[in-house]
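A.B. asks: take a look and give me a structure for this.
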Amino acid sequence: MGILRTAVQAVERATSGPLSGIATPEKWVEEWWTGGIQNSAGVRVDQETAMMYAPYFAGVRVISEDVGGLPLLMYERLARGKDRATQHPLYSLLHDAPNDMMGAMAFRENLTGHCMNWGRGAAYVVTHQRTGVIEELWPLRPDRLHVKCRRMGNGKFERWYQYLDEVNGIYANLAPAEVLFVGGVGDNGLGGHSIVELAANSIGLGLATEHYGAKTFDNNSAPGGILTHPDTVSDEARKRMRADWENLHRGINRAGLMAIMEEGVTWTSVGLPNDANQFLETRKLQVTDMSRWLRLPPHMIGDLDRATFSNIEQQQLDYVSMALASWLTRWEQAIVTQLLLPEERARYFPEHLVDALLRGDTAARYAAYAIGRQWGWLSANDIRERENMNGIDGGDQYLVPLNMVPAGDSSDGGPARGIVRLARALRGRRSWKARANLTDAWEPKIAKADQEVADLEAETVGKLVDEHLPAPEEDADTDGGRGRRSVLAFLAALRTLYADDGPIAERMTSLWLPIFTSFAADVATEAADEIGHEDDVDLSKWARSYVQSHVGYRIGSSFGQLRKIADESESDQVAADIVARFTKWQDERPQEVARWEGNQLSNAAARETWRDAGVRSLKWVTQGSKTCPYCKKLDGATTPIEDPFISKGDEIDGDAEGEKLTAKRNTFHPPVHVGCDCQVVPVP
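C.D. replies: Residues are numbered from 1 along each chain as shown. Next up, the predicted model:
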């Protein structure tokens, strides 16, 4: 926004007049929808008249509506597979609505149509001024956008844009980060060819054919001819005879009426009939020609002459995999290169859901499902999900053929042992994902509980501040030492408040214990299923010990931070600094605690379950944390379940020279740092 505002202000100074800003796009979008004048004089081929030609309009409509109608999702890459990144800011913009005036389909349909007509589709990117997060996307008029290229100081080239809107007084230079640009069939990499301009002759011929047909029926079914009289006719008589003939026989409503010739007048036709002109054949050929230009099967724009029940389904698949796929790829690559930050591209990516367009008939789908179910890569719930049905109890089980086992298993237990290992691996992948889903479900409850604790701390400590600490306007140097004695009294009261059996610890325990106990029970169920352990696992005692340990750490940390502020701040600033710290805790700490405890407890409870079940070793795996150098170095590490992955005092090297992470405790499971979302899995 800063670059754009600077550009607009510069033009204002140059033109000595106010300019409307592109930063509030509702105005010019409204003008776009309600304004504009169509000029249909003659057979003119441009972006407006081309859309009046039915075969071309049908093709543009098919492609743009399909691109706009397909769900466009933002995904996060996992160690294996992917997951929907619903928390990413771009997810809702691309899937639901890019702004408050249009839905995602209208937006992408609009830009795709621009790509076909003008060779370029572009949208203005509105970002938050402070955070830089993309908040809105607004389509730009392609006829007013000019693509430029300039050489940067480092020798590289950069694309930038000029937006010239004389109607609304907008003259702006737009930086690459301010524009989402989707090009058509390219020529120089900066833009794309306009199909209207390339196919002008074909579209013009089609429009001329339609114009000819309309004039034919406007005049008569036989428009051209001569009336002949045996004698000389005066000018006045000639005009009257012509007018009478046209009044009686001109127009489609009078076609076929009987003509009566008087005084030897005869009719001689001088025009060719429509079949001699091959009028219908020309119109059919133009439909086929448009399908060539647009790379569409003819039946997609209404030409069913060569469509049969046996080939139309294959043509539909060819359309999706070839014609439509190229447009979808253009969109996806534009989003990756222009909307995602460089550090995000290794983790996130957009993708269209084309499964619905590729689905065969019912018999073919069910046959494919049967194969997937039989050979173990689909469960009943996987199939039901693809058919838009809810899952069923027990539907997550994967079946494995008895005669299909990994090579070499016959020497150490036979086929049965190989089947068990394969089944465990399949269950393990789903359980890992299930544990991550449990964490997502419990984190809001943990955050809510910690918010109550933070509010209680702010209230109770606030009373101690009012009671013991001097107000900021008081001069601590002239009050006979009362300010310092007040700080000491404040610390004494604070120590009582944060005692192990004090009100803060009591309230925290009462809130955390039921949440963490239920959370641990859910994790234990999934962890036991992951290894095929059928005995009940009771983690209630373990959860109580876990809560007591973490409550003790938490109240000790809070008291230590407040004591440090009281010791180091100026006496007249202690109160303000204490209040500032509690404001920060209330705003930020609940979400941080929820993320940390969600991953911490999930991995700790799973480890405890596996240890009770006899698992001997664990493996560290990343889950979308590949960009973290510390997690990347731990990925795949294996250790006995009783030993830590990292011992207290160990150092892990980062990517940069001299960058290290020193372990403050023995780390038996993730997280290893704030924001870590790694997992541990059992080693068979």
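A.B. asks: buried ones in stretch 44-51?
C.D. replies: The neighbour-count check on stretch 44-51 (16 or more other C-beta atoms under 10 Å) flags 45, 47, 49-51 as buried. All C-beta spots, glycine's among them, are computed from the backbone N, C-alpha and C.
A.B. asks: next: stretch 75-93.
C.D. replies: Quick answer for stretch 75-93 (16+ other C-beta under 10 Å): 75-79, 85, 88-91, 93.
A.B. asks: ok, stretch 559-577 next?
C.D. replies: Applying 16+ other C-beta under 10 Å to stretch 559-577 flags 559, 562, 565-566, 571-576 as buried.
A.B. asks: of all those, which comes closest to H114?
C.D. replies: A576 (55.4 Å; C-beta to C-beta).
A.B. asks: any idea which helix or strand carries the closest one?
C.D. replies: For A576, the host element (DSSP states H and E) is helix 574-613.
A.B. asks: elements contacting that helix?
C.D. replies: helix 414-468, helix 503-530, helix 540-568, strand 679-682 (3 or more C-beta pairs under 8 Å, 6 or more residues apart in numbering; DSSP states H and E).
A.B. asks: pipe those into JSON lines and attach distance to R108 per row.
C.D. replies: Listed next are the helices and strands packed on helix 574-613 as JSON lines, based on distance: least, C-beta to C-beta, whole Å:
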{"stretch": "helix 414-468", "distance to R108": "29"}
{"stretch": "helix 503-530", "distance to R108": "38"}
{"stretch": "helix 540-568", "distance to R108": "47"}
{"stretch": "strand 679-682", "distance to R108": "36"}
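A.B. asks: of the ones you listed, which stretch is the most buried?
C.D. replies: Ranked by mean neighbour count under mean count of other C-beta atoms under 10 Å, the helices and strands packed on helix 574-613 are led by strand 679-682, which reaches a mean of 24.
A.B. asks: follow-up on the earlier one: which stretch in the helices and strands packed on helix 574-613 has the least confidence?
C.D. replies: Note on the helices and strands packed on helix 574-613: helix 414-468 shows the lowest mean pLDDT, a mean of 71.
A.B. asks: next, count neighbours for I301.
C.D. replies: By other C-beta atoms under 10 Å, 21 other residues sit near I301.
A.B. asks: what sits against it?
C.D. replies: 55, 58-59, 62, 287, 290-291, 294 (C-beta atoms under 8 Å, 6 or more residues apart in numbering).
A.B. asks: now, among the residues you listed, which is nearest to A368?
C.D. replies: Nearest to A368 among these, with distances taken as C-beta to C-beta, is V62, at 26.7 Å.
A.B. asks: ok, that closest one - how many residues close by?
C.D. replies: For V62, using other C-beta under 10 Å, the count is 19.
A.B. asks: the chain should start at 86 in everything you say after this.
C.D. replies: With the count now opening at 86, the last piece we talked about shows up as V147.
A.B. asks: now it: closest residue in space, sequence neighbours ignored.
C.D. replies: M385 (5.1 Å; C-beta to C-beta, 6 or more residues apart in numbering).
A.B. asks: tell me the contacts of that neighbour?
C.D. replies: 143-144, 147, 376, 400, 404.
A.B. asks: which pair of those residues spans the longest distance?
C.D. replies: A143 and Q400 (15.4 Å).
A.B. asks: what segments of the stretch 236-385 of the chain are strands?
C.D. replies: For the stretch 236-385 of the chain, the strands defined by DSSP state E, counting those that start in this stretch occupy 242-250, 255-259, 264-268, 310-313, 351-354.
A.B. asks: mind checking these for the one nearest to G476?
C.D. replies: Going by C-beta to C-beta, the one of the strands of the stretch 236-385 of the chain nearest G476 is strand 264-268, 37.0 Å.
A.B. asks: pairing partners for the closest one, with directions?
C.D. replies: Within its sheet, strand 264-268 is paired with strand 205-212 (antiparallel), according to DSSP bridges.
A.B. asks: burial count for the nearest residue to L155 once chain neighbours are set aside?
C.D. replies: Nearest non-adjacent residue to L155, counting by C-beta to C-beta, 6+ apart: H437, 4.6 Å away. As a burial measure, H437 scores 22 neighbours (other C-beta under 10 Å).
A.B. asks: what score does H437 have for pLDDT?
C.D. replies: The model's pLDDT for H437 equals 91.
A.B. asks: if it is in a bridge, with which residues?
C.D. replies: Applying DSSP bridges, one finds that H437 bridges with L157.
A.B. asks: ok, it touching T414?
C.D. replies: No - using C-beta atoms under 8 Å, H437 makes no contact with T414, being 9.2 Å away.
A.B. asks: and Y483, which of the three is it?
C.D. replies: The local conformation at Y483, judged by DSSP: H, G, I helix; E, B strand; the rest coil, is coil.
A.B. asks: nope, P224 is what I was after
C.D. replies: strand.
A.B. asks: that one and E251: what is the separation?
C.D. replies: 19 Å (C-beta to C-beta, to the nearest Å).
A.B. asks: and these two? Which one has more around it.
C.D. replies: P224 (23 against 8).
A.B. asks: my read: the more buried one touches L196, true?
C.D. replies: Yes - counting by C-beta under 8 Å, P224 does reach L196; the two are 5.9 Å apart.
A.B. asks: where are the low-confidence patches of the stretch 386-535 of the chain?
C.D. replies: Applying pLDDT under 70 to the stretch 386-535 of the chain picks out residues 387-402, 441-449, 473, 485-518.
A.B. asks: could you rerun that using 80?
C.D. replies: Residue ranges of the stretch 386-535 of the chain with pLDDT under 80: 386-408, 440-453, 460, 462, 471-474, 484-522.
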